[in-house]
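J.: Pasting the sequence and the predicted model now:
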Amino acid sequence: MTLKEQVEKRRTFAIISHPDAGKTTITEQLLLFSGAIREAGTVKAKGKKSNKFAKSDWMEIEKQRGISVTSSVMQVDYDGCQVNILDTPGHEDFSEDTYRTLMAVDAAVMVVDTGKGIEPQTKKLFEVCSMRGIPIFTFMNKLDRDGREPLELIAELEEVLGIDAYPMNWPMGMGRNLIGLYDLYNQRVELKGHDEEDDVLYIPLDEEGQAEGDHSFKQSTIYSQALEDAQLLNEAGNDFDRDQVLAGKLTPVFFGSALTGFGVQTFFDAFIDLAPSPSVTETIDDQLVEPTQSQFTGFIFKIQANMNPAHRDRIAFVRVCSGAFEKGMNVTLGRTGKTIRMAHTTQFMADSREEVQEAVAGDIIGLYDTGNFQIGDTIYSGNKAVQFKALPQFTPELFMKVTPRNVMKQKSFHKGIEQLVQEGAIQLYKTYHTEEYIIGAVGALQFEVFQYRLLNEYNAEVDMTPMGSKIARWIDPKDLNPNMSSSRNLLAKDRFGNPVFLFENTFAENWFRDKYPDIELKQLL
Ligand code: G4P
């Protein structure tokens, strides 16, 4: 197979959702369809296990398992394609890594609970995907339960997320009354079996949009209601336009039930058809690197530390952007100019980690790292230097003050913080005048990992004082004046020395905006 053919078969995506919407369950269905696992419950058992433990136990689990990367990236075959699924940790382990993972995918699947609609975490993750302009495929899950009205869900999706939606199929009933899906995309009715073991039946639509042949369901009000809705959508809804989908402006919406598997295969089939294969990556000087060019390039989007103190190694996750990786090849790390031999690499399968033999654009490989890499680093083969655009930083929402417990250990405290900040594990701020250390995170677990690693890797014990959640907004340094500090905000500086206000709440932020209408308050992503 040529490189081009191989790249065209790649589908690299992440599933975004609010916790409990069904991300794990649908991932498991994909693994089942692809033959990567044989039994339902495999992925879930793992997920459940770690959810059940208290947060502090998480580190112990990591320690026992070594580097837990098996669920971070999974590569499976589906319908002749190599599918790479990148995990976006939710629940308590939501962190900046969750966002950064979205920088390494070509598409996203958004799972929505039909009983709940668009929830906060989905919205945040959606915004990051939307900023990148990647296609987003929506799966409205839990159709086997009574949820909200489909038309209402579509309207909410469009309104809250500001994206057009195109229903690819439409539920015929819901909960116990669910009889099937009226499938506009495939022009058929997908009829649910009586119980989970029964096969679904596909009935083509005739020219009037009616299911062909004589079927008792055609007399039901559920069917006529679905037809009516579909007609309404046809007349008043958006048109399907693949270019709009690829530009991230129109989300195809599918209904189904991850738990029973109903509608899931239809969804994945369409996803594989419509989702893009790896595309170009932009360099810092606005050049576009084609995925099919022969030079190997990639960037690091995540670094995962080994929680076992006996093994200081880490794994750097590389998104391959072009060319083909071969075991043992030499690459240059752009930032330092250092040559690195890629001898110890790993690739991620559904059930195990294996040595990578070959990987092409779109694939994710793990490099054993002894401290060479930083998040956002570009690596490339050959002599032509390549530097991809920097990864964005994300606005933290939770803050803590930190001080070393033992003043004699100041040096290791500073070294530890510096390295963990570089690695992207945490963001560092200081109070503007008194230079007290403040760390910022998007998820609470980042703090625990920070504290644990400072102690275990740098032998520095710290005291941490929670400051709670804050709204961080940057201002231009030239606009800063001493009167701007008040009891409603805290003036800090980021690690580059830029002034940033930490507001207690939106009230405090709005108060500031009213008082200083000419000052622009900026946020990271
Ligand atoms: P997550 O990874 O997005 O956090 O969600 P996960 O798949 O773990 O699903 C969260 C809960 O929702 C689970 O129930 C799961 O069984 C249920 N669920 C997922 N998809 C569907 C669906 O299509 N229909 C219904 N009815 N439920 C669904 P749980 O009670 O937390 O776990 P369990 O006790 O059922 O194992």
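T.: In hand now; what should we look at?
J.: From here on, just use CA atoms for contacts and neighbour counts.
T.: Noted.
J.: Residue 84 contacts residue 76, doesn't it?
T.: Yes. Counting by Cα atoms under 8 Å, residue 84 does reach residue 76; the two are 6.6 Å apart.
J.: okay, now whatever residue of the stretch 351-500 of the chain ends up closest to the ligand: neighbour count?
T.: Nearest residue of the stretch 351-500 of the chain to the ligand, counting by Cα to the nearest ligand atom: residue 443, 15.6 Å away. Look at residue 443: counted by other Cα atoms under 10 Å, it has 22 neighbours.
J.: For it, which non-adjacent residue is spatially closest?
T.: residue 95 (4.5 Å; Cα to Cα, 6 or more residues apart in numbering).
J.: Surely that neighbour is in contact with residue 447?
T.: No. The pair residue 95 / residue 447 is not scored as a contact, 9.9 Å apart, by Cα under 8 Å.
J.: shared neighbours of these two, anything?
T.: Counting by Cα atoms under 8 Å, 6 or more residues apart in numbering, the residues touching both residue 95 and residue 447 are residue 441.
J.: how far away is the residue nearest to residue 443 from the ligand?
T.: When distance is defined by Cα to the nearest ligand atom, to the nearest Å, residue 95 is 15 Å away from the ligand.
J.: Looking at residue 84 and residue 76, which is more packed in?
T.: Set residue 84 next to residue 76 and count neighbours by other Cα under 10 Å: residue 84 wins out with 23 against 20.
J.: Identify the residues contacting residue 513.
T.: 519, 521.
J.: Which neighbouring residues are in contact with the residue in the stretch 151-300 of the chain that the ligand sits nearest to, exactly?
T.: Across the stretch 151-300 of the chain, the shortest distance to the ligand (Cα to the nearest ligand atom) belongs to residue 257, at 3.4 Å. By Cα under 8 Å, 6+ apart, residue 257 lies in contact with 140-144, 263-264.
J.: Across the sheet, point out what pairs with it.
T.: residue 262 (DSSP bridges).
J.: now residue 289
T.: Going by DSSP bridges, residue 289 forms beta bridges with residue 281.
J.: Hmm, residue 322 and it touching each other?
T.: Yes. Using Cα under 8 Å, residue 289 makes contact with residue 322 at a distance of 7.1 Å.
J.: And the two? Which one has more around it.
T.: The neighbour comparison of residue 289 against residue 322 (other Cα under 10 Å) goes to residue 322, with 28 against 19.
J.: re the thing from before, which residues touch the residue nearest to residue 443?
T.: With Cα under 8 Å, 6+ apart, residue 95 has these contacts: 89, 441-446.
J.: if you look at these, which of them are in strands?
T.: residue 441 (DSSP state E).
J.: Quick check: what element follows the host helix or strand of residue 448 along the chain?
T.: Under the criterion of DSSP states H and E, residue 448 resides in helix 445-458. For helix 445-458, the following helix or strand on the C-terminal side (DSSP H and E) is strand 462-469.
J.: Give me the sheet partners of that next one and which way each runs.
T.: When DSSP bridges is applied, strand 462-469 pairs with strand 398-404 (antiparallel).
J.: What mean pLDDT does the strand it pairs with get?
T.: Taken as a whole, strand 398-404 has a mean pLDDT of 94.
J.: buried ones in the next helix-or-strand element following that strand?
T.: On the C-terminal side of strand 398-404, the nearest following helix or strand under DSSP H and E is helix 410-423. Using 16 or more other Cα atoms under 10 Å as the test for burial, helix 410-423 gives 412-413, 416-417, 419-421, 423.
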